[in-house]
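>>> Take a look and give me a structure for this.
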Amino acid sequence: MRPSRITMKATHTPEAIAERLDLGPSQTYLKDMVYGAIDGTVTTFAIVTGVAGAGLSSGVVIVLGLANVLADGFSMAVSNYLGTRSENQYRSRVRRQEMAEVETYPEGEREEVRQFYQRKGLQGDSLEQIVEVITSDKNLWVDTMLQEEHGLSTEDINPLMSAAVTFCAFLLAGILPLLSFIINWLLPGTFAAPFLLSTVVTVITFAAVGAIKGRYVSQNPLWSALETTAVGTIAALLAYGVGYLLQGLVAL
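All right, here's what the predicted structure looks like:
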């Protein structure tokens, strides 16, 4: 959703800008949320389709589904934590390396900055002024090298928060395809076709995740919902197809 002109004006006063800059750059965990929610829904629904297709009881579906939600969700969270932490460690190593190069080969590093901005269209006095400003502050100089030469962000991402968002999204979305089976287990006969209801809930979950994503990235929520539903459905169908083929091979 695009902010109104009144909101934009209020956030661009000198006081509002200073307050925002004092807080530092904000971090978004949208990728972690979408990744966890989609993967949780797909993997749980794949288990539901495989077990239900084999004609097993709702209890078996629930046990295997919950085991997947907890174990796979934790595995994804740990993997995300280690991956994010590794990125932070890599950024720190590159920062130390660039600082050493700035101190050891200042002229070469200054020429790199000059060429970065030449490629952006600056030249003449404007180019030399920006090179002088950047290279007069070592921290700014190194930040520029991180961004322009290595394509890295200058800010670390909280690995614990990334892992927590992934796990929570996986857990909340992953349990939805199991709800009809859980309710039928607690209240036998409530749903005549729990698998069909699970399928409908799964599609709705894909659409909801897409709509939420669209709201945050200012994309049309309907289009974003359709996009995520299509991708999620393809992944679910692939998982179902693999399960069906493997079930056939085992039967042989």
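
>>> All the helices of the chain, residue numbers only.
Here the chain has its helices, by DSSP state H, at 5-10, 14-23, 30-53, 58-104, 106-118, 124-135, 138-148, 159-174, 179-186, 194-216, 221-251.

>>> Turn those into JSON lines, columns for mean pLDDT.
Putting the helices of the chain into JSON lines (pLDDT from 0 to 100) gives the following:
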{"stretch": "helix 5-10", "mean pLDDT": "58"}
{"stretch": "helix 14-23", "mean pLDDT": "59"}
{"stretch": "helix 30-53", "mean pLDDT": "79"}
{"stretch": "helix 58-104", "mean pLDDT": "91"}
{"stretch": "helix 106-118", "mean pLDDT": "92"}
{"stretch": "helix 124-135", "mean pLDDT": "93"}
{"stretch": "helix 138-148", "mean pLDDT": "92"}
{"stretch": "helix 159-174", "mean pLDDT": "92"}
{"stretch": "helix 179-186", "mean pLDDT": "89"}
{"stretch": "helix 194-216", "mean pLDDT": "84"}
{"stretch": "helix 221-251", "mean pLDDT": "73"}
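
>>> Let's have these in CSV, adding mean neighbour count.
In short, each C-beta sits where N, CA and C put it, glycine included. Putting the helices of the chain into CSV (neighbours: other Cβ atoms under 10 Å) gives the following:
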stretch, mean neighbour count
helix 5-10, 10
helix 14-23, 9
helix 30-53, 22
helix 58-104, 16
helix 106-118, 15
helix 124-135, 14
helix 138-148, 17
helix 159-174, 22
helix 179-186, 18
helix 194-216, 19
helix 221-251, 15
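
>>> Take stretch 73-80, keep the C-alpha atoms, and write them as CSV.
Listed in CSV are the C-alpha atoms of stretch 73-80, where the atom choice follows Å, rounded to 0.1, in the frame of the first residue of the first chain:
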residue,chain,number,x,y,z
GLY,A,73,10.6,-26.4,10.8
PHE,A,74,13.5,-26.6,13.4
SER,A,75,15.9,-27.8,10.7
MET,A,76,15.0,-24.9,8.5
ALA,A,77,15.3,-22.4,11.3
VAL,A,78,18.8,-23.8,12.2
SER,A,79,19.9,-23.7,8.6
ASN,A,80,18.7,-20.2,8.3
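
>>> So what touches it?
When contacts are taken as Cβ atoms under 8 Å, 6 or more residues apart in numbering, the neighbours of stretch 73-80 outside the stretch itself are 32, 35-36, 39-40, 159, 162-164, 166-167, 170-171, 174.

>>> Identify the farthest-apart pair in these.
Spatial extent of these (Cβ to Cβ) is set by the pair 159 and 174 at 21.5 Å.

>>> what residues are up against the residue nearest to residue 127 when sequence neighbours are not counted?
Counting by Cβ to Cβ, 6 or more residues apart in numbering, residue 127 lies nearest to residue 117, which is 5.7 Å off, once chain neighbours are set aside. With Cβ under 8 Å, 6+ apart as the criterion, the residues that contact residue 117 are 127, 130, 131.

>>> and which of these is nearest residue 213?
Using Cβ to Cβ, the shortest approach to residue 213 within those belongs to residue 130, at 36.5 Å.
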